[in-house]
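Enquirer: coordinates only, sequence not included:
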C-alpha cells in the first residue's frame, strides 16, 4: 500500500524520477520560463478540474507533477477517445485547416493556453516548416510539454511562459495563425476582451485567428445536454464554463477590432485513435458526435 503521497498520488520517488526524466529531455532552447509572470486571478481563485493547486503550483524545483496528473486525468476523463496521446482535438484542427486552406503554409503559429501541448503538437507536426510558439502561465505544464514534445520528436515548438492577455513581447502582425483549443472557458470576461485584442494586434494580414470551444446553448441543444455540460461548471471547478456558453464571442472579436465580414464559424470533431477504438473511429453516432464536436469561432483578416 502506498504511503506519503503528494496530492497527485505520486510517492516522492516517482515524483523525483519524473522530474529527472523531464530535465533530461528538455531542450533549453525550446523552453522559456519567466518567473515574473503573474498567475491571473481567474486561475488562482479556484483549483481547476478539482486539482489541488490547479495547473500552476510548484511543490519542488522543476516540478511537473500537476501536468502529469492532468495528462493522465484527461485520458481517463475522455475514456481515451481523444487518442493515446489525448491529441484528437489538435488532429481534428489540422484536418479542418487542410480542408479549408489546402495549399496554406503558415510561417508562424501561436497557440494560446497550450497547457502541456496536447493539441499544439499535432499542428506543429503537420506544419513542420512553421515556427510554433505555445504560451501558458503555468511553468509545470510548460516544462512537461517541452519534455513531451522532445519525447515525441517534435522540435519546432517553443514553450513560453506568458499571459495570453499580455503578449507585449511579440511584435504586431507577427503570426499567420493564432489559435486556442478549449482555453477560453478557463478565463474570464475581462481577460477575454484583452485576449481578443492581443490576437487582433498579433495576427498578420491574410492570417487566421481560430478559437475552438464548447458550442453555445441554443434551441437545438437538448436541455439534458445543457444540464450535463453545466455539471462541469459546478462539480469540476470550471467557474467560467457556463457563462461562456452565453457570451457573444463575435461581438468580443468585433470590439477588439475584427470586421464582422472577417468572422466565420464552423465545427471540428476530434480524430479518434483507430488503434485504440477501431469501431468508434468509424462511428458517426450522435452521442459521440456531441461529446467530441466543438465549435469554431474564427476570423480571416
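Expert: On my side now, so go ahead. Keep in mind it's a predicted model, so treat the numbers as computed, not measured. Numbering: from 1, shown residues only.
Enquirer: Now do the strands for this structure: every range, in order, please.
Expert: Per DSSP state E, the chain carries strands over the ranges 31-32, 108-112, 131-136, 157-161, 175-181, 203-213, 263-269, 293-300.
Enquirer: could the ones you listed be laid out in JSON lines, adding distance to residue 275, mean neighbour count and mean pLDDT?
Expert: All C-beta spots, glycine's among them, are computed from the backbone N, C-alpha and C. Output for these, formatted as JSON lines (distance: least, C-beta to C-beta, whole Å; neighbours: other C-beta atoms under 10 Å; pLDDT from 0 to 100):
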{"stretch": "strand 31-32", "distance to residue 275": "30", "mean neighbour count": "18", "mean pLDDT": "98"}
{"stretch": "strand 108-112", "distance to residue 275": "26", "mean neighbour count": "25", "mean pLDDT": "98"}
{"stretch": "strand 131-136", "distance to residue 275": "26", "mean neighbour count": "24", "mean pLDDT": "98"}
{"stretch": "strand 157-161", "distance to residue 275": "24", "mean neighbour count": "23", "mean pLDDT": "98"}
{"stretch": "strand 175-181", "distance to residue 275": "22", "mean neighbour count": "25", "mean pLDDT": "97"}
{"stretch": "strand 203-213", "distance to residue 275": "24", "mean neighbour count": "20", "mean pLDDT": "97"}
{"stretch": "strand 263-269", "distance to residue 275": "18", "mean neighbour count": "15", "mean pLDDT": "90"}
{"stretch": "strand 293-300", "distance to residue 275": "22", "mean neighbour count": "19", "mean pLDDT": "90"}
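Enquirer: just the helices in the stretch 1-150 of the chain please.
Expert: For the stretch 1-150 of the chain, the helices defined by DSSP state H, counting those that start in this stretch cover 12-25, 41-44, 65-77, 88-100, 120-126, 139-151.
Enquirer: Out of the ones you listed, flag the one nearest residue 171.
Expert: helix 120-126 (20.4 Å; C-beta to C-beta).
Enquirer: Tell me the buried residues in that closest one?
Expert: 120-125 (16 or more other C-beta atoms under 10 Å).
Enquirer: tell me the most buried of the helices of the stretch 1-150 of the chain?
Expert: Ranked by mean neighbour count under mean count of other C-beta atoms under 10 Å, the helices of the stretch 1-150 of the chain are led by helix 139-151, which reaches a mean of 25.
Enquirer: Now do that one against strand 131-136, angle only.
Expert: 150 degrees (axes from the mean of the first three to the mean of the last three C-alpha atoms, to 10 degrees).
Enquirer: Begin at 4, not 1, for the rest of this chat.
Expert: Yep, numbering from 4; the last one is helix 142-154 now.
Enquirer: ok, back up a step: the helices of the stretch 4-153 of the chain: which one's closest to residue 222?
Expert: Per C-beta to C-beta, nearest to residue 222 of the helices of the stretch 4-153 of the chain: helix 91-103, 25.4 Å.
Enquirer: neighbouring contacts of the closest one?
Expert: The contact list for helix 91-103 (C-beta atoms under 8 Å, 6 or more residues apart in numbering) reads 84-86, 107, 121-126, 129, 180, 182, 184-185, 211, 213, 215, 269, 271-276, 295, 297, 299.
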